[in-house]
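Novice: Show me the folded form of this:
(2 chains, ligands or ions: 2)
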Number of protein chains: 2
Amino acid sequence: AVGLAGTALANDDLTKLSEDPKNWAMPTGNYANHRYSELKEITKDNVKSLQVKWTFSTGVLRGHEGGPLVIGDVMYIHTPFPNIVYALDLKNDGKILWKYEPKQDPNVIGIMCCDTVNRGVAYGDGKIILNQADTTVVALDAKTGKVAWSIKNGDQIDGGKGESGTAAPMVVKDKVIIGVSGAEFGVRGWTAAYNLKDGSLAWKAYSTGPDAETLIDPEKTMHLGKPVGKDSGMNTWEGEQWKTGGGTTWGWFSYDAKSNLIYYGTGNPSTWNPVQRPGDNRWSMTLMARDADTGQAKWLYQMTPHDEWDYDGVNENILVDGMEIGGKAHDVLVHLDRNGFGYTLDRVSGELLVAKKYDPKVNWATEVVMDKNSEQYGRPQVVAKYSTQQNGEDTNSTGICPAALGSKDQQPATYSPKTKLFYVPTNHVCMDYEPYKVSYTAGQPYVGATVSMYPAPDSHGGMGNFIAWDAAKGEIVWSIPEQFSVWSGALATAGDVVFYGTLEGYIKAVNLDGKELYKFKTPSGIIGNINTFEHGGKQYIAVLSGVGGWAGIGLAGGLLSPENAAAWHGAVDQGRGGQDDAAVVGTAGLGAVGGYAALADYTTLGGQLTVFGLPE
Amino acid sequence: AVGLAGTALANDDLTKLSEDPKNWAMPTGNYANHRYSELKEITKDNVKSLQVKWTFSTGVLRGHEGGPLVIGDVMYIHTPFPNIVYALDLKNDGKILWKYEPKQDPNVIGIMCCDTVNRGVAYGDGKIILNQADTTVVALDAKTGKVAWSIKNGDQIDGGKGESGTAAPMVVKDKVIIGVSGAEFGVRGWTAAYNLKDGSLAWKAYSTGPDAETLIDPEKTMHLGKPVGKDSGMNTWEGEQWKTGGGTTWGWFSYDAKSNLIYYGTGNPSTWNPVQRPGDNRWSMTLMARDADTGQAKWLYQMTPHDEWDYDGVNENILVDGMEIGGKAHDVLVHLDRNGFGYTLDRVSGELLVAKKYDPKVNWATEVVMDKNSEQYGRPQVVAKYSTQQNGEDTNSTGICPAALGSKDQQPATYSPKTKLFYVPTNHVCMDYEPYKVSYTAGQPYVGATVSMYPAPDSHGGMGNFIAWDAAKGEIVWSIPEQFSVWSGALATAGDVVFYGTLEGYIKAVNLDGKELYKFKTPSGIIGNINTFEHGGKQYIAVLSGVGGWAGIGLAGGLLSPENAAAWHGAVDQGRGGQDDAAVVGTAGLGAVGGYAALADYTTLGGQLTVFGLPE
Ligand SMILES: O=C(O)c1cc(C(=O)O)c2c(n1)C(=O)C(=O)c1cc(C(=O)O)[nH]c1-2
Ligand SMILES: O=C(O)c1cc(C(=O)O)c2c(n1)C(=O)C(=O)c1cc(C(=O)O)[nH]c1-2
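Specialist: Ligands and ions are numbered 1, 2, ... in the order given. As a prediction, this is how the structure comes out:
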C-alpha cells in the first residue's frame, strides 16, 4: 500500500506538472497530445518581435527529433545516437547541470531505417526516462543524472533481429510505456510497460501473434463494434509470417485518465512487398486502445489492411473531449494517418466517426467506407492503378499519392482547444513503388520495394503544407504551401499563435488564419518539436534544430554522394539502385534521398537548441 | 606584361575590397591585422539591443577558428577538418550557393597538435584560397566553388614528417602566402608563396637551415641592428638538429605595402625538451620581415632564444603607422607574444622599442633588456627557478607563468586607430613543466615535456582576461577578468564597441572603458574571430562558434575521458600520463585538458555561424 501510494503520487505529480503551463513536462505536451500551451505572453500581436535569447549546441550531428522538457528551473534535452541527455540550468543561461552519455554499439546505426533519431525523454517520479537506440531503457535521477535503473527492451544488436528504439516513452501512473522500431528488418512489434520504480516489466503486448501475446480478448476486444475473435493477430497472415510481420510501435502514445486507456498506432507489415504476405496482416497499421495497467486491448482499428505502400499507422492520436459530430458530443481521438486520411474515432468505443483526406492529392484510395452495414465498413477503397499488390512484383506503380512517408509522418500536430482546430505539419509528396521478392534473414534489411519520391504533381511544386484541420467535419480549413515537407512538431498557444519548423531551418509563427507573423532561420533544418515554457515570469519558445529523419536522410546519412548511395543499396536492397548515379541516389534511403535532394542548398547537419523570447 | 597587369589589378582589387568596410575581405580584416571596422551603425549606445538575425550550422564539430569572409553579397565560411567551404547568399538568409568538401586522409587528425582547426580562407583574384589540414592548398573559383588549382605545400600524411596546415593564407599582390604546422612532430618550418594565378611556387623560406634555404642574407638581413652573419639558421644548433628543429609558421601574416614586407613569427624549436637542443635555436621563436616578392629576409628578431616553455612566436603582428614612442613617430609592428611580453618594434628597421609584460603574473623572465650596448640586448632575463633547462630533464618545474599556451595564443587582438589602443584576448594560466628525453622518428610526436596547467595563482581565479593595451607605453589600460582564457579573435569598431567571444560561448560587447554592454550565449564555445560587415544598408556582426583549439582540446578531442586520455599519452608521450586518472586526464592534450576541464559544464561541440544585427 505504501508503494501504491508512492506511485499514485508520482503520477499525480506528473499530471500536475504537465497541467502547469510553465513546464513542458512530457514530450507530447500533455496526455492528450495537444502540444498546446495556455501561456500567452507571446501573442499574435507581439510575436513579430521575438528574439533569440540563448542557444546550445548538443555536440551531435544528424536528425534531432523531439524537443526539450522543462520542469521548474531545469531543461532536459536529448540527442540522436549516441543519445546524450543534458540537464541545463535555466537560471544560468543553460549551464550544464549534468550530462549522460550512454555507451552504445555503433552498429545500431545500421539498423535504424530512418536516421538515428530519438523523439525525446520522459519525466516521472523524479526520473528522466530515455529509450536508447539500442533499445536499452534507462531511468536517470533527474537531479544528478545518475542511472537509477537500466533494462533491455529489445534484443542485442549483434545477432539480434534488428530491433531499435526511437520512440519517446510515456509515463502513465506508476509505469513507463515504451515502443520498438524495426519493421524494415521484419521486427515483430510490441509495446511494453515497465514499472517506473525499478524497471521491471509490467506487461508486454505484441502487435501480431496469438491472443496471449497480443493481450487481445477474442470476445471483449472490439474492431469497429465487433469482437475480433480468436487469434486475430495470426489468422490474417500466411503461416508464420506474423512472426516477422512488423507492426512496430515507434510513434507516439496518448493516455486518457478517465478510461485508463493508452492509445497508439502500429506500423507497416513486413516486407514492403505486399505480394509476399497475403491477408489483412492484422494488427499492423492499427490504432490500439489498451488498458494502461494490464495492456489488455479494448478496441482496435486497422486503417490500412494489407498495406501496399508503407503507410505506417503510428502517427499521434490527439484526444479531445466532447467534440460535436453529427449533432452528438463524443470523446474522440483524432489521428492523421500516413495514408492521407484524417480519422476521428469515438475513443471509448472505437467507433469510426470521420475519415477524410487531409491532402487533396491523396489518390491510392477513393474513400473509407462509413456505412456500418457494408462489408467494407472502415476499409479504404483502393484504386487498382495504385495498388502495388495488383500491379504485382517487379512492376513500378507510378504516381501514387502520398509517398511512403505519407501525407504526414511522425511529425506531430497540435490542437487548440480555443479554436477547436488541429494544426498539422504535412507532406505533399508522391511516389513510384516497385515491390520485389525478398527473403528474411534475422537482423538484415527486409524491405522488398524500390521507391522514388517527388513533389505532388500539378500542385504548388513544393513537398509540404502546413494545414489547419477541422476533425469534426474532416475538412482542411487553410493550407500554407511549403517547399519541403513540414517535418517538425507544431505548437499552438493561447496567444493565438501557431508555430512550426521547416526542413530549411526556419521556425515560423502564423496566426489563426495561417498568416505568417514571424520567421527566423535556425542553424539547421528543423525536425524537432516546438515547445514553450515560462521561466522567471517570461514565456519562451524552444526548439531543437538538426536536419535529418527520413526526409533528411540524404543529408544525415551522407546519401547524396553516389558512392554512399550505392553502398546503401548494397546493404539494403541487393544493389537495386538502378543504372545511373541519379537513380542510385534518387532511390537511396528508402526513396527519400532523391525527393529531398534540394535540401542541401539550404542547410546542413548540426544539433542546436534555440530559445526565443520577447525583448526585455 | 599582360599577366603582370592582371595580377597587379588582382591586388588592387583586394586592397580596395578590404578598404570598403562593407566587406570583410581578408581573415585579418586588413593587411595591418587591425580587425577594426569603420562601420558604426552598431554603437556603444545601441549594442545592447543587438539581435540574432540568422544562423547556420557548418555540419562539423570540433574547434572553429577564423571567421567569415564577406565580399559583396556572398559570405564564405570554412570548417575545421574536413575543411568544408561554403559560399552563402546574403540576399537569401544564407542559402548555400556552393559547397566545397575536400577528400582528405583522416589520419591527418592524428598529426594536428592542437585540434583540427583552420584559421580561415583568403580571397584574391576571384578565387577563394584554402590551406587544408593535409597541406593541400586549393584555389576555388569564388563564383562556383570549382577547383582552379590545387598544390601540396607539405608532405603526404602517410610516410610524411607530420606536416599539417591550419594557418589562414594571405593574398599579397599576385601571390598567396602559406604557413605550415607540425613543430610537435619536429617539422622544420617554412613559409611559401605561391602564384595566385596557377599555384606555382614563387619562393619558399625555411625558418632554420642554410642561408640559401632561409632566404637570409648574412650581410643585409639584420637582427637588432646587426647583420646576422653566415648560416645563422644553422650555427646556433647542435649538428643537424635544425633539420628537425621546428619553427613552424602556423600563425598570422601581415603586409606593409609601403615597404613591400610581409611579417610573421615562427614557432617553438623541437623538441619541448630544451636540454636536448643546446643553443639559441635560431630562427625559431622569431619575428620575420621578408620581401613579399622574393621572400628575402630584411630583419629578424628572436623573442625567446632557446625556448624552454613552448612559447611559439607566431602570434599576429599588428601594423600601426606613426606611433609616438619616446617623442618619435615610428611605423611599428606590435606583437603580443606567447611569452607574456608585448613587443613594439620599428617595422622598417626591426628596432626594438618596447617590451613589457601584458599580464602581471608573467614570471619566467624578469624583463627584456633594452640597453643596446648590453650583450643581453633584446633578450629576456630568465628566472632560474622557472628555467626548465636549468632544472633539467625529469624535473618538474612548477609555477611557471604563463603556461605553454602563453599569455596569449593564436587568438588575434584588434587595434582601434580611434583610441590607438589594442584590445587583446589573453590567457591567465600557469603551468608545471617536466622535460624528458625523446628521440626523433619522422612523422611521430616529438614533444619531450609533460605539462599541467591551472589558473594563475593568487589572482581572480579565472584563466583569462580581456585587456586594453597601450603598445607605445607597454601598459595595461584595463583588464576584464574571465573564467576561461579568451580564445576568440577580437573586433573593434568605429561605433566605439569592442567585441570578443568566450570559451563558454558568450559573445560580449564592451565599451572603450571595458564595461560590458551586451552578451549573448551562442551554441558553443567561441574560438573564432568576430567579424563585421554591411549588407543591404545594415551592419552585422558575425562569428563562428565551435569549442576546441588547444584550450578546448579536452572537449574537442574527447580527452576528458580517462581511457581516451590514456590513449593520447600512449600515442604522444610513451604513456607518461601519471599514476591516476586525474593526472592522466590532467596532462593530456599537451597539458590543456586538466586546466580547462570545467569548460564541460558550460558548452559542448558544434560549429555554427551566428549573425547579429540591430532590430529593424
Ligand atoms: O517500421 C519501423 O520500425 C520504423 C521506424 C522508424 C523510426 O523508428 O524512426 C520510422 C519508420 N518505420 C518509418 O516508416 C518512417 O516513415 C519513419 C520516419 C522517421 C523519422 O524519424 O523521420 N522514422 C521512421
Ligand atoms: O608547433 C606547431 O606547429 C603548432 C601548430 C599549431 C596549429 O597549427 O594549430 C598550434 C601550435 N603549434 C601551438 O603551439 C599552439 O599553442 C596552438 C594552439 C592552437 C589552436 O588553434 O588553439 N594551435 C596551435
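Novice: Flag every residue of the stretch 251-400 of chain A that's near ligand 1.
Specialist: A:267-268, A:312 (CB under 6 Å from any ligand atom). Every C-beta, even on glycine, is put in place using the N, C-alpha and C of the backbone.
Novice: do the stretch 451-600 of chain A as well
Specialist: Within the stretch 451-600 of chain A, the positions near ligand 1 by CB under 6 Å from any ligand atom are A:549-550.
Novice: Output the set of residues of the stretch 451-600 of chain A in proximity to chain B.
Specialist: Residues of the stretch 451-600 of chain A found near chain B (CB under 8 Å from any CB of the partner chain) are A:505, A:520-524, A:545-546, A:600.
Novice: same thing but 10 Å
Specialist: Residues of the stretch 451-600 of chain A lying near chain B by CB under 10 Å from any CB of the partner chain: A:504-506, A:519-525, A:545-547, A:555, A:561, A:599-600.
Novice: if we can go back for a sec, dump the residues of the stretch 251-400 of chain A next to ligand 1 to JSON lines, plus secondary structure and neighbour count.
Specialist: Output for these, formatted as JSON lines (DSSP: H, G, I helix; E, B strand; the rest coil; neighbours: other CB atoms under 10 Å in any protein chain shown):
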{"residue": "A:Gly267", "secondary structure": "coil", "neighbour count": "30"}
{"residue": "A:Asn268", "secondary structure": "coil", "neighbour count": "27"}
{"residue": "A:Asp312", "secondary structure": "coil", "neighbour count": "31"}
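Novice: give me the residue from the stretch 351-500 of chain A nearest chain B.
Specialist: Closest contact between the stretch 351-500 of chain A and chain B, by CB to the nearest CB, is at A:Gln483 (11.4 Å).
Novice: Could you pull up the residues touching the closest residue to that residue other than its chain neighbours?
Specialist: For A:Gln483, ignoring the flanking residues on the chain, the nearest one in space by CB to CB, 6 or more residues apart in numbering or on different chains is A:Gly462 at 4.5 Å. For A:Gly462, the contact set (CB atoms under 10 Å, 6 or more residues apart in numbering or on different chains) comprises A:428-429, A:455-456, A:480-486.
Novice: By neighbours, which of these wins?
Specialist: Counting neighbours by other CB atoms under 10 Å in any protein chain shown, A:Ser485 comes out on top of those with 36 neighbours.
Novice: hang on, isn't it packed against A:Met463?
Specialist: Yes: using CB atoms under 10 Å, A:Ser485 makes contact with A:Met463 at a distance of 5.0 Å.
Novice: Spit out the residues that contact these two alike.
Specialist: By CB under 10 Å, 6+ apart, the residues touching both A:Ser485 and A:Met463 are A:403, A:405, A:426-429, A:453, A:455, A:503, A:551, A:595-596, A:599.
Novice: Can you list which of the residues of the stretch 451-600 of chain A next to chain B are found in strands?
Specialist: Cross-referencing those against strands under DSSP state E gives A:506, A:519-521, A:545.
Novice: Same list, those residues, but as a markdown table with pLDDT and neighbour count please.
Specialist: Listed next are these as a markdown table, based on pLDDT from 0 to 100; neighbours: other CB atoms under 10 Å in any protein chain shown:
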| residue | pLDDT | neighbour count |
| --- | --- | --- |
| A:Tyr506 | 98 | 23 |
| A:Lys519 | 98 | 15 |
| A:Phe520 | 98 | 22 |
| A:Lys521 | 98 | 24 |
| A:Ser545 | 98 | 32 |
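Novice: Format those as JSON lines; extra columns: distance to A:Leu421.
Specialist: Listed next are these as JSON lines, based on distance: CB to CB, whole Å:
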{"residue": "A:Tyr506", "distance to A:Leu421": "22"}
{"residue": "A:Lys519", "distance to A:Leu421": "21"}
{"residue": "A:Phe520", "distance to A:Leu421": "24"}
{"residue": "A:Lys521", "distance to A:Leu421": "27"}
{"residue": "A:Ser545", "distance to A:Leu421": "27"}
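Novice: Just the closest of the residues you listed to ligand 1, please.
Specialist: Ligand 1 lies nearest to A:Ser545 out of these, by CB to the nearest ligand atom, at 14.8 Å.
Novice: Show me the helices in the stretch 1-150 of chain A, by range?
Specialist: Counting by DSSP state H, counting those that start in this stretch, the stretch 1-150 of chain A has these helices, from start to end: A:2-19.
Novice: Contact residues of it facing ligand 1?
Specialist: When proximity is defined by CB under 6 Å from any ligand atom, the stretch 1-150 of chain A lies next to ligand 1 at A:65, A:113-115, A:117.
Novice: ok, of those residues, which one's closest to ligand 1?
Specialist: Nearest to ligand 1 among those, with distances taken as CB to the nearest ligand atom, is A:Cys114, at 3.4 Å.
Novice: what number of residues lie near the closest one?
Specialist: Neighbour count for A:Cys114, taken as other CB under 10 Å: 25.
Novice: Most neighbours among the shared contacts of A:Ser485 and A:Met463, which one?
Specialist: The most crowded member of the shared contacts of A:Ser485 and A:Met463 is A:Ala551, carrying 33 neighbours; neighbours defined as other CB under 10 Å.
Novice: Settle this for me: that one is touching A:Val117, isn't it.
Specialist: No: in this structure A:Ala551 lies outside contact range of A:Val117 using CB under 10 Å: 11.0 Å.
Novice: Between these two, which contacts overlap?
Specialist: By the contact definition CB under 10 Å, 6+ apart, A:Ala551 and A:Val117 are jointly contacted by A:63, A:527.
Novice: Next, the contact list for A:His78, please.
Specialist: Residues near A:His78 by CB under 10 Å, 6+ apart: A:27, A:58, A:60, A:64-69, A:84-86, A:100, A:118-121, A:128, A:130-132, A:168, A:544, A:607.
Novice: how far away is it from B:Gly94?
Specialist: Note on A:His78: its distance to B:Gly94, by CB to CB, to the nearest Å, is 27 Å.
Novice: out of everything not next to it in sequence, what's closest to A:Trp54?
Specialist: B:Lys521 (4.3 Å).
Novice: which residues sit in contact with A:Trp203?
Specialist: Per CB under 10 Å, 6+ apart, neighbours of A:Trp203: A:175, A:177, A:190-194, A:215, A:290-296.
Novice: for it, which residues make a bridge with it?
Specialist: Beta-bridge pairing of A:Trp203 under DSSP bridges involves A:Ala193.
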